[in-house]
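Peer 1: This is a predicted model, with the sequence first.
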Amino acid sequence: MPEPRSMAAIVGWGMYVPERVVTNEDLAQMMDTSDEWIRTRTGIERRHWAPDHQATASMAIEAGRQALEVADADPLDIGLILLATMTPDYGTPSTACLVQSGLGAVHAGAVDLNAGCSGFVYALTLAHAAIASGQEEMVLVIGADTMTRIVDRQDRSTAVLFGDGAGAVLLRASDGGAGVLATILGADGSGADLLKVPAGGSALPASAESLAAREHYLTMDGHQVFRFATRVLPRVIERVAERAGLEIGDIDWIIPHQANARILEATARRLRLDLARFYTNIQEYGNTSAASVPIALCEAVRKGHVIPGQILVLAGFGAGLTWAAAAVRWGPGARKRRAPFYRRWWRWMLYRWAAAHSVGRRLSRRLCASKPLASLLCRLRRRPQ
Ligand code: UT7
């Protein structure tokens, strides 16, 4: 078991969004809305929608592979995969297990976590704790959601807000000064009804009646959630800065959950911070739920906005109700050059092997379960030498 370390450094990052872009004008053709309403009330201009054959795991795998590539890390070295999502591929098994298999991360534990749109920062906090305690050396943290599967296209007040996508970071134990400095988690379950998918769980299993009542879709009290967000976001940013021993003015970038541009404006006003310090990409992706913070982080890094030594605060809020923030000192992170050819080839081979291995194991389990084969094996075993 590795020694307890003080820091968990972000050494890799990645993101994936589906190809299909749906503009506000496209939505105005489908429902009673307008580009003007969506743009002025939310800041959203476009979002990406997954095709029917794509679900959360496949987007998460893409983002995870990119994070491994950036860090030039081996999937076999991952000790834990934490996947934040509220749109898992299945009720069970966890989507994290599908990702573990898809990455060939055969030494990793894997688990899903549902904290709504705060999920990624929750997962980052747990990953940081696992590394700081010495339990794990390398943890892959992913936020991924296929919101279009749970959004009711007949409800214009939510249908225009959400998009699909995934973002990931790879955390590695580090003795350097860069990494997660402090984290804060919070929840208020009394607000559970404000953002909810009523049916499909043990409280209200899916039935013909629940389908007819459209209760398997997301419902949201937009006003209440807006008020909650503008109250909690400035507070959680202040508190995490304080816990990290920082002044608000020390923060170079706030990477917030992208739910509504007006929430970010209100937060900036309350913190007396320049809005330019809030990284915003809601115009391009809409609200991608648990994926929004890692997608924003990945994009900010790729565009060169985030540089080593800077202080970032990642902050989320959402269903539960939940909120979370993490203060991070950005490190040198990725290698300057592309990983050597043979390392990239090794990962490529591993992904192919992982896919074949998964199919092979499924097949052998099925064969062993088949009666004729089992009785043949039994007879062979009993045959006298
Ligand atoms: O990630 C999870 C966290 N989620 C959030 O943070 C979301 C927080 N809430 C919000 O961002 C905002 O409350 C919304 C964007 C959801 C709604 O904005 P709003 O300014 O609170 O609008 P509203 O609900 O007060 O609706 C104003 C009007 C209503 O019409 P009337 O009753 O005034 O005639 C709505 O019916 O806008 C109407 N409306 C729309 N009109 C055109 C609602 N949705 C639409 C639409 N297009 N898509």
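Peer 2: Okay, I see it.

Peer 1: if I've got this straight, residue 300 is in a helix?
Peer 2: Yes. With DSSP: H, G, I helix; E, B strand; the rest coil as the criterion, residue 300 is part of a helix.

Peer 1: ok, now which ones touch it?
Peer 2: 253, 255, 279, 306 (C-beta atoms under 8 Å, 6 or more residues apart in numbering). All C-beta spots, glycine's among them, are computed from the backbone N, C-alpha and C.

Peer 1: Now do the residue in the chain that the ligand sits nearest to: how many residues are near it, please.
Peer 2: Closest approach between the chain and the ligand, counting by C-beta to the nearest ligand atom: residue 222, at 2.9 Å. Residue 222: 16 surrounding residues under other C-beta atoms under 10 Å.

Peer 1: What helix or strand is the closest residue to it other than its chain neighbours located in?
Peer 2: Spatial nearest neighbour of residue 222, chain neighbours left out: residue 157 (5.9 Å); criterion: C-beta to C-beta, 6 or more residues apart in numbering. In this assignment (DSSP states H and E), residue 157 forms part of helix 156-159.

Peer 1: now for that helix, which elements pack on it?
Peer 2: strand 219-220 (3 or more C-beta pairs under 8 Å, 6 or more residues apart in numbering; DSSP states H and E).

Peer 1: can you give me the strands in the stretch 201-350 of the chain?
Peer 2: 219-220, 253-256, 311-318, 322-329 (DSSP state E, counting those that start in this stretch).

Peer 1: any chance of those strands in CSV, plus mean neighbour count?
Peer 2: Listed next are the strands of the stretch 201-350 of the chain as CSV, based on neighbours: other C-beta atoms under 10 Å:
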stretch, mean neighbour count
strand 219-220, 17
strand 253-256, 26
strand 311-318, 26
strand 322-329, 27
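
Peer 1: what about those, which gets the closest to residue 108?
Peer 2: Nearest to residue 108 among these is strand 322-329 (21.5 Å), distances taken as C-beta to C-beta.

Peer 1: show me the contacts for residue 238.
Peer 2: 248, 271.

Peer 1: rerun at 7 Å
Peer 2: By C-beta atoms under 7 Å, 6 or more residues apart in numbering, residue 238 lies in contact with residue 248.

Peer 1: quick one: residue 153 and residue 221, what's the gap?
Peer 2: 19 Å (C-beta to C-beta, to the nearest Å).

Peer 1: Then residue 43?
Peer 2: 20 Å.

Peer 1: Same drill for those two, tell me which one is more crowded.
Peer 2: Between residue 43 and residue 221, counting by other C-beta under 10 Å, residue 43 is the more crowded of the two (20 against 15).
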